[in-house]
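> Here's a sequence, model it:
(one chain, ligands or ions: 3)
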Amino acid sequence: MKARIVTLPGDGVGPEVTAAAVAVLKTVAARYEHVFAFEEQLIGGIAIDATGEPLPAASLAACRSADAVLLGAVGGPKWSDPNAPVRPEQGLLALRAALGVYANLRPLQVHPALANLSPLKNEKLKNIDVLFVRELTGGAYFGAKTRSADVATDECRYTVAEIERVVRRAFELARGRRRHVTSVDKANVLETSRLWRSTVQRIAAEYPDVKLEHQLVDSMAMLLLTQPNRYDVVVTENLFGDILTDEAAALAGSLGLLPSASLGDGKAGLYEPIHGSAPDIAGQGVANPVGAILSAALLLRHSLGLETEAVAIESAVEQVLRHGPHSRDIGGHAGTGEVRDAVLAAIEDHADNAAAFFCGARACG
Ligand SMILES: NC(=O)C1=CN([C@@H]2O[C@H](COP(=O)(O)OP(=O)(O)OC[C@H]3O[C@@H](n4cnc5c(N)ncnc54)[C@H](O)[C@@H]3O)[C@@H](O)[C@H]2O)C=CC1
Ligand SMILES: CC(C)CC(=O)C(=O)O
Ligand SMILES: [Mg+2]
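Ligands and ions are numbered 1, 2, ... in the order given. You can find the predicted model right below:
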């Protein structure tokens, strides 16, 4: 198949991990006979430096017409002055809103080879398979902001329509999994959460085959650590989802491991690791590329419909996590390039084995 993929490497480790993910996609294209055309565009701090804008019009136009967008990360100390007139993160928020990607899927699994890195005891880490569905284009990140000398406000606003569409997506996804949705809110205090909860309750009636439970976000933060294997699909609003998924990444062993897919109503999507620009390690060639590489797998699955190829990447990553090489954040000494090369080699192996199996089954020469 032919596809146009826009890459937005961004800032800090963003370019390092995006380059690894692009290398993986190029290997998949060569091996499985697809034609992926890549177009790199600016976003974030690097875009501010070049154009004064965190999301230049040319970048947005390219993203709007792409089959999928692969993003690294934005932000960093250079652009973090609280009084700065414009910030890199505004570019990412504007992109998510403009593309209408309201459902941010953040899968969490814990690889047994990394269980010792988790702050939890090993027995708590068995059978963890959670899909977070984070609302991505509403809530406090997008509400009106005010600021005077001694008071500031961030409006948290949700409409019923915004809640309905992401909650329906969560229930649909649960039907392909263990049919259990946990909706996380703060309905004992926040009006937006009471609207969230009553909307979830109403939508749940359309899915009688899916079990629903509600959980307040503060106790959910605790339960994620004490009973993480209880959860299947967790749906929540933007800010809560942002925080809970970084917490969840600690169970897996590193923030550098988790991918994400941001989807709207069409096929096109935005794919990015859940981590930020990691300024503390940027430029050293040591960032873990696994979150970005697994985001590329999600891109193949959700935007291009290439399930076999997505599984090939995921199996390759599984093999590398099992046998190494490992980057520094997960206890190894390998650089980003070494991990990338190991994943590329494992993809080739996976494809060779699949071809041998196919030939064996057909008794071809
Ligand atoms: N989607 C995005 O573009 C996001 C951007 N940010 C921005 O990133 C900047 C830094 O934010 P932080 O709170 O420090 O979060 P961060 O996610 O960049 O880093 C937190 C910690 O995780 C480590 N880490 C992150 N990714 C890693 C990787 N791939 N391999 C190994 N270690 C990794 C970092 O070294 C750091 O110790 C800020 O400007 C923030 O606004 C933060 C989160 C998301
Ligand atoms: C706008 C981003 C910096 C928010 C964030 O941390 C995220 O989406 O994970
Ligand atoms: Mg975050």
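> could you check the distance from the spatially most central residue of the chain over to Leu344?
Ranked by distance to the mean C-alpha position of the chain (Cα atoms, centre = their mean), the top residue is Ser260 at 1.4 Å. Ser260 is 22 Å from Leu344, where distance means Cβ to Cβ, to the nearest Å. Placement of C-beta: from N, CA and C, glycine included.
> How about Ile203?
According to Cβ to Cβ, Ile203 stands 42 Å off from Leu344.
> same question, Ala354
In terms of Cβ to Cβ, Ala354 sits 16 Å off from Leu344.
> which one is the one residue in the stretch 251-365 of the chain that gets nearest to ligand 2 nearest to, not counting chain neighbours?
Per Cβ to the nearest ligand atom, Ile274 is where the stretch 251-365 of the chain lies closest to ligand 2, at 5.5 Å. Leaving aside its sequence neighbours, Ile274 sits nearest to Leu258 (Cβ to Cβ, 6 or more residues apart in numbering; 4.5 Å).
> wouldn't the one you found be in contact with Leu251 here?
No - contact criterion Cβ atoms under 8 Å: Leu258 and Leu251 do not qualify, at 10.0 Å.
> Overlap of the contact sets of these two?
Shared contacts of Leu258 and Leu251 (Cβ atoms under 8 Å, 6 or more residues apart in numbering): Leu108.
> Please verify my assumption that Pro56 contacts Ala47.
Yes - counting by Cβ under 8 Å, Ala47 is a contact partner of Pro56 at 5.5 Å.
> For the two, indicate the residue with more neighbours.
A count of neighbours by other Cβ atoms under 10 Å puts Ala47 above the other of Pro56 and Ala47, at 24 against 18.
> Report the contact partners of the more buried one.
Glu53, Pro54, Leu55, Pro56, Ser59, Pro88, Gly91.
> State the three-state secondary structure for it.
When classified by DSSP: H, G, I helix; E, B strand; the rest coil, Ala47 comes out as helix.
> In the longest helix belonging to the chain, which residues are buried?
Longest helix of the chain, by residue count under DSSP state H: helix 336-362. Using 16 or more other Cβ atoms under 10 Å as the test for burial, helix 336-362 gives 336, 338-344, 346-347, 350-351, 354.
> Stretch 235-249 near ligand 1 at all?
No - judged by Cβ under 6 Å from any ligand atom, stretch 235-249 and ligand 1 are separated, with a smallest distance of 7.3 Å.
> Just give me how far that stretch sits from the chain centre.
Put simply, stretch 235-249 sits 11 Å off its chain's centre (Cα atoms, centre = their mean, to the nearest Å).
> same thing with stretch 88-97?
Relative to the centre of its chain, stretch 88-97 is centred 15 Å away, using Cα atoms, centre = their mean.
> How about stretch 16-30?
Taking Cα atoms, centre = their mean, the mean C-alpha location of stretch 16-30 is offset from the chain mean by 17 Å.
> Show me the protein divided up by domain.
1-106+255-365, 119-252 (automatic domain parsing).
> The shortest one close to ligand 2?
Put plainly, it is domain 119-252. Yes - contact between domain 119-252 and ligand 2, assessed by Cβ under 6 Å from any ligand atom, occurs at Asp242.
> let's have the chain start at 3 instead
Noted, 3 is the first residue going forward, which turns the last one into domain 121-254.
> ok so, going back, how about the contacts of Ala49 in a markdown table, adding pLDDT and secondary structure?
Converted to a markdown table, these look like this (pLDDT from 0 to 100; DSSP: H, G, I helix; E, B strand; the rest coil):
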| residue | pLDDT | secondary structure |
| --- | --- | --- |
| Glu55 | 98 | coil |
| Pro56 | 98 | coil |
| Leu57 | 98 | coil |
| Pro58 | 98 | coil |
| Ser61 | 98 | helix |
| Pro90 | 98 | helix |
| Gly93 | 98 | helix |
